[in-house]
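K.L.:
okay, here's the prediction I keep looking at, along with the sequence it came from:
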Amino acid sequence: MKSVKASAPATVANVSCGFDIFGFAVEAPADEVIVTLTDNPGVTISKIVGDDGRLPREAEKNTSGVAVLEFLKAIDSKLGANIELYKHLPLGSGMGSSAASSAAALVAINELHGNPLTREQLLPFAMESERIACGSAHADNVAPSLLGGFVLIRGYAPLDVASIPTPAELYCTLVHPHLELKTEDSRRVLKPSIPIKDAITQWGNIAGMVVGLMKPDYGLIQRSLHDVVAEPIRSVLIPGFHKIKEEAMQAGALGCGISGSGPTIFALSSERAVAERVGKAMQQQFDLLKLKSDVFVSRINGEGAKILSA
Ligand SMILES: Nc1ncnc2c1ncn2[C@@H]1O[C@H](COP(=O)(O)OP(=O)(O)O)[C@@H](O)[C@H]1O
Ligand SMILES: N[C@@H](CCOP(=O)(O)O)C(=O)O
């Protein structure tokens, strides 16, 4: 039967001020899948590489499997599928690990059926996978992983997403300490409501980010990269967070915050050389805490999930 190989990139959700509504894709790392059509209905996962045996092999529990099951149900397919998953994203990282697997699997199964659905129409299936992974069908990882670029989730009911143009010279530094934080747990610590004063600060920054990215205006981006909603609560879960952020800013970053729900920390810079310097400064702080970490520097990835071979 026909097989398709696809990949989908890591993503930075929230981007400081935009809790659950902002996300962008980076160039690496990316998960890969090989999806093969089968005559028998249902979805199987025959192989997972790179997870040290930790991810569920049952399709109903793995984000890649859930996404493909939802797709096949939606198009009323009589066929089934088998998935091989090559996991390159660390689990519980705040880099959209659960989302990358489902985004890659979705573009592959869509391709195998002749692309009946647009990337946007694939989104609800990937969101269902996020519900399995963390109890909440948030779209700020799956949307940029599927669509590429910097994405705004304007609304969830109905789902309304928009791509925000970004300056070509905008670089992201990701520093991933070898720690795990489950999104489910770091969502549970958030408060159910926020004071109006904080809401005003937050929506001012969200609007500032959109204008700053579109103009582009690096000063405005810099002034807008603040989070008074999630970061003050979640930062206690990341060793050395405040010092690391301070060092990133000293090294020239426009802003620095928690990537998704952490523990990865992201920074944005207006030059590659600065983004690399920022990465070294951040990693040095994790070294001082005797925490191993990986650094990834990239532009915003405008392409998102892609077919590698069909
Ligand atoms: N294919 C998959 N890749 C990553 N995590 C998966 C996958 N399928 C299911 N999961 C589950 O999702 C959870 C990790 O997701 P999450 O906590 O959101 O981390 P991340 O921030 O890295 O996406 C884990 O409990 C894991 O078992
Ligand atoms: N908006 C979500 C994003 C979670 O991202 P992840 O990469 O940690 O899964 C949240 O902040 O909970």
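P.N.:
Now that the structure is in, tell me what you want to look at. Ligands and ions are numbered 1, 2, ... in the order given.

K.L.:
hang on, Glu84 packs against Asp31?
P.N.:
No. If you go by CB atoms under 8 Å, Glu84 and Asp31 don't touch, sitting 11.3 Å apart. Just so you know, the C-beta spots here come from the backbone N, C-alpha and C atoms, and that holds for glycine as well.

K.L.:
between the two, point out the one with more neighbours.
P.N.:
The residue with more neighbours, out of Glu84 and Asp31, is Asp31; 29 against 17, by other CB atoms under 10 Å.

K.L.:
near ligand 1, which residues of the stretch 51-200 of the chain show up?
P.N.:
Within the stretch 51-200 of the chain, the positions lying close to ligand 1 (CB under 6 Å from any ligand atom) are 55-56, 62-64, 91-98, 101, 133-134, 182-183.

K.L.:
mind giving me the packing neighbours of the helix or strand hosting Asp160?
P.N.:
Using DSSP states H and E, Asp160 maps to strand 159-164. Using 3 or more CB pairs under 8 Å, 6 or more residues apart in numbering; DSSP states H and E, the elements in contact with strand 159-164 are helix 119-134, helix 142-147, strand 150-156, helix 196-214.

K.L.:
tell me the mean pLDDT for the last one?
P.N.:
What helix 196-214 shows for mean pLDDT is 98.

K.L.:
could you check the angle that helix makes with strand 159-164?
P.N.:
On the basis of axes from the mean of the first three to the mean of the last three CA atoms, to 10 degrees, helix 196-214 is oriented at 50 degrees to strand 159-164.

K.L.:
list the buried residues of the helix or strand that helix 196-214 is followed by.
P.N.:
For helix 196-214, the following helix or strand on the C-terminal side (DSSP H and E) is helix 218-224. Along helix 218-224, these residues count as buried under the neighbour rule (16 or more other CB atoms under 10 Å): 218, 220-224.

K.L.:
and stretch 176-196, by the same measure?
P.N.:
176-177, 179, 181, 183, 186-187.

K.L.:
again with stretch 202-211
P.N.:
Residues of stretch 202-211 classed as buried: 202, 205-206, 208-210 (neighbour count, 16+ other CB under 10 Å).

K.L.:
same deal with stretch 22-41?
P.N.:
22-27, 29-37.

K.L.:
CA atoms only: put that stretch into CSV for me.
P.N.:
C-alpha atoms of stretch 22-41 as CSV (Å, rounded to 0.1, in the frame of the first residue of the first chain):
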residue,chain,number,x,y,z
PHE,A,22,-0.2,33.1,19.8
GLY,A,23,2.2,30.6,18.5
PHE,A,24,5.0,30.3,15.9
ALA,A,25,6.9,27.6,14.2
VAL,A,26,10.7,27.2,14.3
GLU,A,27,13.0,25.4,11.9
ALA,A,28,14.2,22.6,14.2
PRO,A,29,13.7,20.1,15.8
ALA,A,30,10.8,18.4,13.9
ASP,A,31,9.0,15.1,14.3
GLU,A,32,8.8,12.7,11.4
VAL,A,33,6.2,10.1,10.5
ILE,A,34,5.8,7.5,7.8
VAL,A,35,2.1,6.8,7.3
THR,A,36,0.9,3.8,5.2
LEU,A,37,-2.7,3.2,4.1
THR,A,38,-4.1,-0.2,5.1
ASP,A,39,-7.1,-2.1,3.8
ASN,A,40,-8.3,-2.8,7.3
PRO,A,41,-10.1,0.1,9.0
